[in-house]
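K.L.:
Give me a 3D structure for the following:
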Amino acid sequence: MDKSVDPVAAEAALQSLRSQVRLRTLTVLRWLAVAGQTAAIALVHFGFGFPAPLGLCLGVIAASAWLNLFVTLRFSPQRVLSEREAAAYIAFDIVQLCALLFLTGGLQNPFAALILAPVTIAASVLPLRLTILIGALAIAGISVLGLYHLPLPWRPGEVLELPRIFIAGSWVALSFSVAFFAAYARRIAQESEQMRSALAASQLILAREERLSALGGLAAAAAHELGTPLATIQVTATEMADDLKGQGTLEEDAKLLVSQARRCREILGRLSRRGDEGDAMHDRLGVDTLMRETAEPFTDRPRGPAVIFEMIGDGAPPILRRRPELLYGLRNLIENATSFARSKVLIKAHWTADKLDISIHDDGPGFSQEILTRLGEPYLSQRHRSRTAVGQKSGLGLGFFIAKTLLERTGARLVFDNAPWDDGSGATGAWIELSWPLSALAAEPMA
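P.N.:
Numbering: from 1, shown residues only. Got it, this is the predicted structure:
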């Protein structure tokens, strides 16, 4: 069964998630901006006594408030904005802020740093192309403010004019800040969405494994439920056969119904008994059975590598609880090892009274140092997906992350490295070791 996750589809889902911004979010932020701008202008003009173009400033602030009122009355606050709609809202905020800064001193105004806020929001919710456009608009606004602006509100009769070198430094600082904050916010938002998407994929895989594990119990329950109507059919068919005795074809048909109903009851009886027995057996498996069951899809490949099992421990192999995440995670790691191995894969189990270790070692090219530093991340970029810098095979991205996440859910501690083989050949391959406290996996004793 193919349980791989398509990275292209996952990335498309990620892009759709990134643009999921509600109208209410932006309107609330804009109301906060309106309140803050109004308070700042009032404090400067009335509190400090610095004359400001009060009418023009309040007009610019009123334009933002009017837009908020319009969209609040026109659309539902829960409406999800498209990428272009969100970009247009954020672009308006930049233009409005630049207009207010133009009236109050341009880059001499210490509140010029607020230009970073809408750019950061855009980087968090918009795709790259629109983020670049928003950043370019912000830098263009900063450039205009550095050259053209009304005087900074100051004491009556005095004009505060900062040196041009200071204005140039402010322009450079704000321009670099726009680029840095946009890149930083975008990176954080992207990794957050990737992790969320990957964890959702992990839950889907686990749910599918749990459904498969439940099929045995469902079959037994179905057999039990079908027993009663089949018994009714058999009794009715027997009575019909007695009533139709001596009527040739009709009698033969009635006897056929009786025999087939009896056969169905026998099949359901066997299925029910097998299901009951399977529940006790299915939920328990030894370490040797676990290793062979997870490796079974890869042991019969005519051109695949040889899969070698080695089991060493104190006493008999421990009996474990069957857990879907354990089976899926181990199978994924073994599949990855067989994909890169040249000729052999060693699956080794070692146990003590309180600990279980399982290692998977292949004789392939091993992990590159670049991969080792990032192994287990949900989405490796294309150049990171191969084990080596010139490798052709992929498979160390989302699938590896899901396997790691599911195994850690069982209490496993994973270690990745390159290790030499003990056969004296000098070959070195990828090596993965998983360690559990035995109490995390051990099955309950049977009554």
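K.L.:
Please make it C-alpha for all contacts and neighbour counts, starting now.
P.N.:
Will do.
K.L.:
Tell me which stretches of this protein form strands.
P.N.:
Listed in chain order, the strands of the chain (DSSP state E) span 21-22, 80-81, 284-286, 306-313, 319-321, 344-351, 355-362, 413-420, 428-437.
K.L.:
can I assume N418 is in contact with D363?
P.N.:
No: at 9.8 Å, N418 does not count as touching D363 under the criterion of CA atoms under 8 Å.
K.L.:
Those two - which one has more neighbours?
P.N.:
In this comparison of N418 against D363, neighbours counted by other CA atoms under 10 Å, the higher total goes to D363 at 24 against 20.
K.L.:
what sits against the more buried one?
P.N.:
With contacts defined as CA atoms under 8 Å, 6 or more residues apart in numbering, D363 is in contact with F340, A341, R342, S343, K344, V345, W421, A427, T428, G429, A430.
K.L.:
So how do I select the buried members of the residues you listed in ChimeraX?
P.N.:
The buried residues among those can be selected in ChimeraX (16 or more other CA atoms under 10 Å) with this line:
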select :340,341,342,344,345,421,428,429,430
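K.L.:
In the contacts of D363, find the pair that's most separated.
P.N.:
Farthest pair in those (CA to CA) is F340 and W421. Separation: 15.5 Å.
K.L.:
If we ignore the residues flanking it in sequence, what's nearest R409?
P.N.:
Closest residue to R409 apart from its sequence neighbours, by CA to CA, 6 or more residues apart in numbering: E325 at 7.7 Å.
K.L.:
cool, and H361?
P.N.:
W431 (4.5 Å).
K.L.:
Relative to M311, how far out is the one you found?
P.N.:
Applying CA to CA, to the nearest Å, the value for W431 to M311 is 17 Å.
K.L.:
So if I had to pick from these two, which one is more boxed in?
P.N.:
With neighbours defined as other CA under 10 Å, W431 and M311 compare such that W431 has more, 23 against 14.
K.L.:
Please name the residues that touch that one.
P.N.:
S359, I360, H361, D362, G366, F416, D417, N418, A419 are the contacts of W431 under CA under 8 Å, 6+ apart.
K.L.:
Kindly give the local confidence score, pLDDT, for the fifth one.
P.N.:
G366 is assigned a pLDDT of 88 by the prediction.
K.L.:
cool, and the first one?
P.N.:
With respect to pLDDT, S359 scores 94.
K.L.:
Across the sheet, point out what pairs with it.
P.N.:
Going by DSSP bridges, S359 is paired in beta bridges with K348, E433.
K.L.:
What count of nearby residues applies to it?
P.N.:
Residue neighbour count, defined by other CA under 10 Å, stands at 19 for S359.
K.L.:
In this structure it contacts W351, no?
P.N.:
No: between S359 and W351 there is no contact under CA under 8 Å: 11.6 Å.
K.L.:
buried set for stretch 346-358?
P.N.:
Neighbour-count burial for stretch 346-358, counted by 16+ other CA under 10 Å, picks out L346, I347, K348, A349, H350, W351, T352, K355, L356, D357, I358.
K.L.:
mind putting those residues in TSV, distance to F176 included?
P.N.:
As requested, the buried residues of stretch 346-358 are exported to TSV (distance: CA to CA, whole Å):
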residue	distance to F176
L346	53
I347	52
K348	54
A349	54
H350	55
W351	56
T352	58
K355	53
L356	53
D357	51
I358	50
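K.L.:
for this protein, which spans come out with low pLDDT?
P.N.:
The model of the chain has pLDDT under 70 over residues 1-20, 194-225, 227, 268-282, 377-398, 445-447.
K.L.:
which residues of this structure fall in helices?
P.N.:
When secondary structure is read from DSSP state H, the chain shows helices at 7-18, 23-42, 54-74, 83-103, 116-125, 128-147, 164-213, 215-243, 249-282, 287-299, 324-340, 369-372, 398-409, 438-441.
K.L.:
So which of those is nearest E158?
P.N.:
Scanning these with CA to CA as the criterion, the closest one proves to be helix 83-103, at 16.8 Å.
K.L.:
Can you name every helix or strand that that closest one contacts?
P.N.:
On a contact count with 3 or more CA pairs under 8 Å, 6 or more residues apart in numbering; DSSP states H and E, helix 83-103 meets helix 54-74, helix 116-125, helix 128-147.
K.L.:
again, 10 Å this time
P.N.:
When contacts are defined as 3 or more CA pairs under 10 Å, 6 or more residues apart in numbering; DSSP states H and E, helix 83-103 sits against strand 21-22, helix 23-42, helix 54-74, strand 80-81, helix 116-125, helix 128-147.
K.L.:
which of these sits most buried?
P.N.:
Comparing these by mean neighbour count (mean count of other CA atoms under 10 Å), helix 116-125 comes out on top with a mean of 23.
K.L.:
Can you check what angle separates that one from helix 128-147?
P.N.:
With axes from the mean of the first three to the mean of the last three CA atoms, to 10 degrees defining the directions, helix 116-125 sits at 170 degrees from helix 128-147.
K.L.:
any idea how far helix 116-125 is from the chain center?
P.N.:
The chain centre lies 23 Å from the centre of helix 116-125; the measure is CA atoms, centre = their mean, to the nearest Å.
K.L.:
same check, this time on stretch 320-327
P.N.:
Centre to centre, stretch against its chain (CA atoms, centre = their mean), the figure for stretch 320-327 is 22 Å.
K.L.:
Can I get that stretch in CSV, CA atoms only?
P.N.:
These are the backbone C-alpha positions of stretch 320-327, laid out as CSV (Å, rounded to 0.1, in the frame of the first residue of the first chain):
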residue,chain,number,x,y,z
LEU,A,320,5.2,-5.9,22.7
ARG,A,321,1.8,-4.1,22.2
ARG,A,322,0.9,-3.7,18.5
ARG,A,323,0.8,0.0,17.8
PRO,A,324,0.0,1.4,14.4
GLU,A,325,2.5,4.3,14.8
LEU,A,326,5.3,1.8,15.7
LEU,A,327,4.6,-0.4,12.6
